[in-house]
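# got a structure for you, letters missing:
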């Protein structure tokens, strides 16, 4: 099966790591239960000056499965309660070289 | 062993994918031969409007091994020949949640 990778770099403002982690936990709990979810890894920068302090890399069975999870109204309800001021740049990817 | 992950998102300007891939190949060939290198995966965005069209995710045995590979004068010579106008945001990471 050709799975897809969702990569999401977070630009975490100074002093907001705790909020960002709590947001990640809430989203992760939701995504884990959705059909087509395979796995996720949250990466934290070693160097404090990294542009993206946190980067999430998740695997899904297909783009369709991920899009279905994204468009679920349950997710909109969850997102309403979370901080909206931590910029992130999610994208769907395929591995093209190893 | 606690390996580290190097994540490098590339902001590839319109029409520059070929140049970016060629740059990646040149760097990959160098890094593959360095002590402590484990693996690399180049991800290409499925959606054309992704902020980062290419994202490289590599594994190294340690931050020290990667820093040594970075500071090798051979790399500076290689970099001189490559396009310098494709912005990227490399960082060293540890996995903190799965």
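Received the coordinates, thanks. Computed from a predicted structure; not experimentally measured.
# point to the helix or strand of chain A where mean pLDDT is at its lowest.
Ranking every helix and strand in chain A by mean pLDDT, DSSP states H and E puts helix A:73-80 at the bottom, with a mean of 92.
# packing partners of that helix?
Helix A:73-80 is packed against helix A:17-32, with contacts defined by 3 or more C-beta pairs under 8 Å, 6 or more residues apart in numbering or on different chains; DSSP states H and E. The way it works is simple: take the backbone N, C-alpha and C, and place the C-beta from them, glycine included.
# tell me the residues of chain A that contact chain B?
Within chain A, the positions near chain B by C-beta under 8 Å from any C-beta of the partner chain are A:4-5, A:7, A:9, A:21, A:24-25, A:28, A:39-47, A:50-52, A:55, A:57, A:63, A:89, A:91-98.
# what do you get if the cut-off is 7 Å, keeping everything else the same?
A:4-5, A:7, A:9, A:40-47, A:50-52, A:55, A:57, A:63, A:89, A:91-98 (C-beta under 7 Å from any C-beta of the partner chain).
# now, of the residues you listed, which are buried?
A:4-5, A:7, A:9, A:40-45, A:50, A:52, A:55, A:57, A:63, A:89, A:91-93 (16 or more other C-beta atoms under 10 Å in any protein chain shown).
# just the ones of those in helices?
Among these, the members found in helices (DSSP state H) are residue A:63.
# show me what the longest strand seen in chain A is packed against.
Secondary structure of chain A per DSSP state E: the longest strand is strand A:37-45. Taking 3 or more C-beta pairs under 7 Å, 6 or more residues apart in numbering or on different chains; DSSP states H and E as contact, the helices and strands that strand A:37-45 lies on are helix A:17-32, strand A:54-60, strand B:91-97.
# for these, which one sits closest to residue B:85?
strand B:91-97 (20.4 Å; C-beta to C-beta).
# does any bit of that closest one sit next to chain A?
Yes - using C-beta under 7 Å from any C-beta, strand B:91-97 reaches chain A at B:91, B:92, B:93, B:94, B:95, B:96, B:97.
# chain neighbours aside, what residue packs nearest to the first one?
It refers to residue B:91. Leaving aside its sequence neighbours, residue B:91 sits nearest to residue A:50 (C-beta to C-beta, 6 or more residues apart in numbering or on different chains; 3.6 Å).
# could I get the pLDDT score of that neighbour?
Residue A:50 carries a pLDDT value of 93.
# next: residue A:1.
56.
# what's the answer for residue A:27, then?
For residue A:27, the predicted pLDDT is 95.
# what's the local residue count around it?
Residues lying near residue A:27 (other C-beta atoms under 10 Å in any protein chain shown) number 18.
# thanks a lot, catch you later.
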